[in-house]
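Q: Next input, structure requested:
(2 chains)
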Amino acid sequence: MSQFVQQLVNGLSLGAIYALIALGYTMVYGILRLINFAHGDVYMVGAFVGYYLGRLVSAGAASSSPSVVNFFLVLGGSMAACALLGWVLERSAYRPLRKAPRLNALITAIGISLLLENLGQLVFGADPKDFPTLVERTSLSVGIVTFSNIQLIVIVTAIVLMLGLQYIVHRTKMGTAMRAVSFSHDASGLMGINIHRVISFTFVLGSALAAAAGILVGLYNPKIDPLMGIMPGLKAFVAAVLGGIGNIPGAIVGGLIMGVAETLTVGYLSSTYRDAITFVILVAVLLFRPTGLFGTTARAKV
Amino acid sequence: MKQRGATRTLLVAALYLAVLLVLGSTLIPFIGPYYTQVLIFIGINIILAVSLNLILGFAGQFSIGHAGFMALGGYTSAALSFYVLAPLLAGFGTGGLISAISEPAALAVSLLVGGIAAALAGLLVGIPTLRLRGDYLAIATLGMGEIIRVVILNTDFVGGARGFTDIPRWTTFTWVFLLAGLCILVVRNLIASTMGRALIAVREDEDAAAAMGINTTRHKVFAFVLGAFFAGVAGGLQAHYLQYLHTNSFTFLRSIEIVVFVVLGGGGSITGSVIAATVLTILPEALRGAESWRMVIYSALLVVMMLTRPQGLMGGREFQWSWLLPGFKKK
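A: Numbers count the residues shown, from 1 in each chain, chains lettered A, B, ... in the order given. Okay, the predicted model is just below:
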């Protein structure tokens, strides 16, 4: 029993990271009907920006400033850098294809993803790097469960970011515009919404969340390499599909389920099936409920 | 008219086979193992590209799990050869003449079984997933490819994580290009048939095709199964050439590489797939030393191509004899 609860806690902190990435997928899909395959690689870039910023910060401050400040500096810096990256990618690669068949945009997304991975290997080097220790790891135990302060930071940060996202999407003008554009490009264009700006903003938002996930994973599991984005990217995408793609709360729930499913598989079956479980879930969802847990069926009009 | 077409095809096929046999016995010993290997990889990649083109270019179904079918076919045929056929052949004894007859026969059986295994997997995967459209299908095929890979990785009698070694080396230059030619012929003739027209209709507009009375799912599944068959054959050829298989050669990236062949060559153009597969197999060899740039160039090419010429190199057109011989016009 205690092992089960322990796995659950581990799964939730892993799932929180997946959920952050899944949000970017689901928002872009909701608004553009595009699977942004490059999203997992934006998360990788986020982790690497965090790696360099983290080394800079801990060298410059000579460990005099408290670690929490360092963490926030790195988090903010990396989110800003990836927001810019997301904007550039949307502007240069996806916007020219706005009117093209969706398959072309999908292939472009795959191309961008490969480009980021391979440029990453050239620029950052292919060997895994140790993410700088921003926060000393300590163990906390509550009753029968033990967890680290890092897991606590991961979960709390993810919750704060998700609440922030919820606020932006539901309480701001830009968020209203995002929901309108995801409902209909043409109608919202006619209502005077600048669709291109809204789409750019969506990419910026999603990429910033992916960067945050990259930093959190760097704290949690401090080995980063340029190909680290592939699997979490796919898993987060499956999480978004599981929750119902285009649905923001669905992505969060989907991410948490994926994380828990993965740790339970590793804990009770074998770590070799760690990645297979993702795809088993995916195929099951696609077969039995293609719209996901919270998705609604969209009737296609001919 | 029809009769004449068939005769011409037979003639061309016989000529092709003769050229292959002559090249196989004169050119191949002459150019040495390195160039032979490059040629064989070109042939295997042509099979993969043309078979994926049937699914992606002609039927318009975005499958990114081709490497999974390749793996399944490769491992099945390798296991058959290793556990059944090779011991059987050893029982016959190895003489010059005996192995000259028995090895090609064994390879043919082995490749056929590998292809059928891949086709069956394609059927099993295709029936449920081809009801999905567009990007859901892409993701489902991706997931399926990864599942096949992980299952093989955990199957001990084909080597598991150690890889499958000591597969007999039966693949030759002649075999690879014979099958590449067969694959091209089958896909070309299929496209010219009613079935092919229906597939193109599905690609152009699935709803309209359905309204015209085309059973869209059945046609898509058929294209998928046939494509998977040839991918399995290509996997078998690779297995019997390298004599070694490891699941790392059949990852998502391998599937993407095949997609790149089709997209750059032009979806819906067999000629384009052949050219792209040939050029993109030679290119990294020519760029040796700049190894790390290879994938960067690939991916940049893919993006630039999509932005500037989304229809690919050939844009759906095919090679015609009249390009070479201006007088040779079709009546």
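
Q: how about residue 228, what does it touch?
A: As the question left the chain open, I've gone with chain A. A:43-44, A:47, A:217 (CB atoms under 8 Å, 6 or more residues apart in numbering or on different chains). Glycine gets a C-beta too; all of them are placed from N, C-alpha and C.

Q: that's the other chain; I wanted chain B
A: B:51, B:69, B:118-119, B:121-123, B:126.

Q: same check, this time on A:Leu242
A: Contacts of A:Leu242 by CB under 8 Å, 6+ apart are A:250, A:253-254, A:257-258, A:281-282, A:285, A:292-293.

Q: before we move on, what about A:Phe71?
A: A:Phe71 neighbours (CB under 8 Å, 6+ apart): A:134-135, A:153, A:219.

Q: Figure out the helix or strand that the closest residue to chain B within the stretch 151-300 of chain A lives in.
A: Per CB to the nearest CB, A:Phe279 is where the stretch 151-300 of chain A lies closest to chain B, at 3.7 Å. Assessed by DSSP states H and E, A:Phe279 sits inside helix A:276-288.

Q: For that helix, name the packing helices and strands.
A: helix A:230-243, helix A:248-268, helix B:96-129, helix B:134-153 (3 or more CB pairs under 8 Å, 6 or more residues apart in numbering or on different chains; DSSP states H and E).

Q: Neighbours of residue 277, how many?
A: Since you didn't name a chain, this refers to chain A. Residues contacting A:Ile277 under the criterion other CB atoms under 10 Å in any protein chain shown number 19.

Q: Correction: the question concerned chain B.
A: 30.

Q: what's the spacing between it and B:Ala67?
A: Distance, B:Ala277 to B:Ala67, by CB to CB, to the nearest Å: 14 Å.

Q: What's the local residue count around residue 101?
A: Answering for chain A, as no chain was given. 12.

Q: The chain in question should be chain B.
A: When neighbours are counted by other CB under 10 Å, B:Ile101 comes out with 11.

Q: B:Ile28 now?
A: With other CB under 10 Å as criterion, B:Ile28 counts 17.

Q: Leaving out sequence neighbours, find the closest residue to it.
A: Spatial nearest neighbour of B:Ile28, chain neighbours left out: B:Phe173 (4.9 Å); criterion: CB to CB, 6 or more residues apart in numbering or on different chains.

Q: One more: A:Lys235?
A: A:Thr278 (5.0 Å).

Q: for the one you found, what are its contacts?
A: So A:Thr278 contacts A:234-235, A:238, A:258, A:261-262, B:143 (CB under 8 Å, 6+ apart).

Q: Would you mind giving those residues as CSV with pLDDT, neighbour count and distance to B:Leu21 added?
A: Below are those laid out as CSV (pLDDT from 0 to 100; neighbours: other CB atoms under 10 Å in any protein chain shown; distance: CB to CB, whole Å):
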residue, pLDDT, neighbour count, distance to B:Leu21
A:Leu234, 87, 22, 46
A:Lys235, 91, 30, 50
A:Val238, 89, 30, 49
A:Met258, 94, 30, 54
A:Ala261, 93, 21, 55
A:Glu262, 93, 24, 54
B:Gly143, 83, 27, 43
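
Q: returning to that earlier point: just the buried ones from the contacts of A:Phe71?
A: A:134, A:153, A:219 (16 or more other CB atoms under 10 Å in any protein chain shown).

Q: rewinding a little: name the member of the contacts of B:Ala228 with the most neighbours.
A: Busiest of these [other CB under 10 Å] is B:Phe69, holding 38 neighbours.

Q: Ramachandran coordinates for B:Gly65?
A: phi -130, psi 20 (degrees, to the nearest 10).

Q: Can you give me every residue that contacts it?
A: Counting by CB under 8 Å, 6+ apart, B:Gly65 has contacts B:125, B:141-146, B:148, B:255.

Q: what about 10 Å?
A: Neighbouring residues of B:Gly65 by CB atoms under 10 Å, 6 or more residues apart in numbering or on different chains: B:71, B:121-122, B:125, B:129, B:137-149, B:228, B:231, B:250, B:252, B:255.

Q: repeat for A:Tyr52
A: A:74, A:77-78, A:81, A:124, A:129, A:132.

Q: Which helix or which strand is home to it?
A: Short version, using DSSP H and E: A:Tyr52 is in helix A:39-60.

Q: how much does the helix or strand that that helix is followed by deviate in direction from helix A:39-60?
A: Next helix or strand after helix A:39-60 toward the C-terminus (DSSP H and E): helix A:67-89. Relative orientation of helix A:67-89 and helix A:39-60, computed by axes from the mean of the first three to the mean of the last three CA atoms, to 10 degrees: 140 degrees.
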